[in-house]
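# with the sequence up front, the predicted model follows.
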Amino acid sequence: MKRCRQMFPSFITMTLFAALLLGAPAAVLAYDLPSVNLGFTSFLDGGPPAGPGWYFSQYIQYINSEELKDHKGKGLLPSLADEKINVWVSLSQLLYQSDTPILLGGKWGLDLIVPVVFTETKYAHHFPGPEDNAAGLGDILVGPYLQWDPIMGKNGPIFMHRIELQVILPTGKYDDDKEINPGSNFFSFNPYWAGTLFLTPRLTTSWRLHYLWNAKNKNPNRGFGAADDTQAGQAVHGNFAIAYEILPKRLRAGINGYFLKQISDTKADSHNISDRREQVLGIGPGAVYHFSQHDHLFFNAFFETETENRPEGSRFTLRWVHHF
């Protein structure tokens, strides 16, 4: 039986395999990319809400997937599998924003994110599915960045943006004899550019655009058989949002979304593997409530479509931001 592996969104390495009726082996598809930021950030993403200093953010994201997609966007498993994947992700983020410009007016900062992942996978009729490595620490993210001060107009800010050189460290729980792991077991470089444009003083649009490069996994999942190493393909992904200020300085609401597109093939022992590139698009409503300049609560919902080579479902994100 052919098997392959991937990092399920939100810090889980997942290889999904199918079996024919009566337990006969069947071809199996793999998902390869590490967990990345899909829907964790949204409105007003181009700058910190209260200037320099220390920030703490706590994220909770719930992911519910009820169908695993193949490379044609169709169901990977037979209908009798009735697969259900529920994932809870906790991200704790500590961020420092300095008031010291070092390059072209950009002020340096440092970002640290620690994830913890909880996963539950179910199949009907005792259908064979991936083995679960239980809950555990995910892959830690670290990124130095440059934040530029807002460009101001007559009625307030017009544009603010940031560049971060983010890396994903292979610190998460991992077992090559399991198909579902909190960690990916390989290093990734995932820089991004984030910005917010004030179309009017009350109407904003924001984005965060990433490029993803992955190093080799020298202890690949058992699904790759005799392969000595694997390397997930490169990808681009991002979050986007548009929001309107309903209550001045208190409440904004709008539409948010994310996308992911793998742009190169996954490799095993340096050989390309076809029909494994991932993609997804998620869109839904969201809002942010500003308790004060120092405390902010975000809620975002996303419903996925255009999915290939990964689970398709919905995501719900709750995020609290505090400025010390």
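Cool, got the structure. Residues are numbered from 1 along each chain as shown.
# name the residues of the lengthiest strand in the chain that are buried.
Longest strand of the chain, by residue count under DSSP state E: strand 84-103. Within strand 84-103, the residues scored as buried using 16 or more other C-beta atoms under 10 Å are 85, 87, 89-91, 93, 95, 97. Backbone N, C-alpha and C define where each C-beta goes, glycine included.
# now the two most distant members of these.
Ile85 and Gln97 (36.2 Å; C-beta to C-beta).
# which elements pack onto the longest strand of the chain?
strand 53-68, strand 106-122, strand 141-147 (3 or more C-beta pairs under 8 Å, 6 or more residues apart in numbering; DSSP states H and E).
# how does it look with 10 Å?
strand 12-14, strand 53-68, strand 106-122, strand 141-147, strand 311-323 (3 or more C-beta pairs under 10 Å, 6 or more residues apart in numbering; DSSP states H and E).
# pLDDT of the third one, averaged?
Taken as a whole, strand 106-122 carries a mean pLDDT of 94.
# given it, what are its sheet partners and their directions?
strand 84-103 (antiparallel), strand 136-137 (antiparallel), strand 141-147 (antiparallel) (DSSP bridges).
# same deal with the second one?
Based on DSSP bridges, the strands next to strand 53-68 in the sheet, each with its direction, are strand 84-103 (antiparallel), strand 311-323 (antiparallel).
# flag every buried residue along it.
For strand 53-68, using 16+ other C-beta under 10 Å, the buried residues are 55, 57, 59, 61-63, 65, 67-68.
# chain neighbours aside, what residue packs nearest to Val114?
Ser92 (5.0 Å; C-beta to C-beta, 6 or more residues apart in numbering).
# look up which residues are beta-bridged to that neighbour.
With DSSP bridges as the rule, Ser92 is bridged to Gln58, Val114.
# does it touch Leu137 like I think?
No - applying C-beta atoms under 10 Å, one finds Ser92 not in contact with Leu137, separated by 11.1 Å.
# mutual contacts of those two, please.
114-116 (C-beta atoms under 10 Å, 6 or more residues apart in numbering).
# nearest to Leu38, of those?
When the shared contacts of Ser92 and Leu137 are compared against Leu38 (criterion: C-beta to C-beta), the nearest one is Pro115, at 13.1 Å.
# check contacts around the closest one.
Taking C-beta under 10 Å, 6+ apart, one finds 10-12, 35, 59, 61, 89-93, 136-141, 168, 171-172, 182-183 in contact with Pro115.
# equivalent analysis for His210, please.
Residues counted as contacts of His210 (C-beta under 10 Å, 6+ apart) are 36-38, 164, 166, 190-194, 235-239, 260.
# which strand residues bridge it?
With DSSP bridges applied, His210 shows beta-bridge pairing to Tyr192, His237.
# oh, and call the first residue 564 from now on, that's how I've got it
Happy to do that; since the first residue is 564 now, the last one works out to His773.
# any idea how far Ala644 is from it?
32 Å (C-beta to C-beta, to the nearest Å).
# again, but for Gly699
From Gly699 to Ala644 the distance is 26 Å (C-beta to C-beta).
# so where's the protein uncertain?
564-593, 692-694 (pLDDT under 70).
# 80 instead, please
Under the criterion pLDDT under 80, the flagged ranges of the chain are 564-594, 691-697, 741-743, 786.
# save the helices and strands packed on strand 647-666 as JSON lines, and put in distance to His853 too.
As requested, the helices and strands packed on strand 647-666 are exported to JSON lines (distance: least, C-beta to C-beta, whole Å):
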{"stretch": "strand 575-577", "distance to His853": "32"}
{"stretch": "strand 616-631", "distance to His853": "14"}
{"stretch": "strand 669-685", "distance to His853": "21"}
{"stretch": "strand 704-710", "distance to His853": "19"}
{"stretch": "strand 874-886", "distance to His853": "10"}
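# can you pull up the bridge partners for the closest residue to Ile626 other than its chain neighbours?
Among residues not flanking Ile626 along the chain, Val650 sits closest, at 4.1 Å (C-beta to C-beta, 6+ apart). On the basis of DSSP bridges, Val650 is bridged to Ile626, Thr682.
# cool, Ala806 as well?
Taking DSSP bridges as the rule, Ala806 bridges to Thr767, Gly817.
# for Phe603, see how far away it is.
16 Å.
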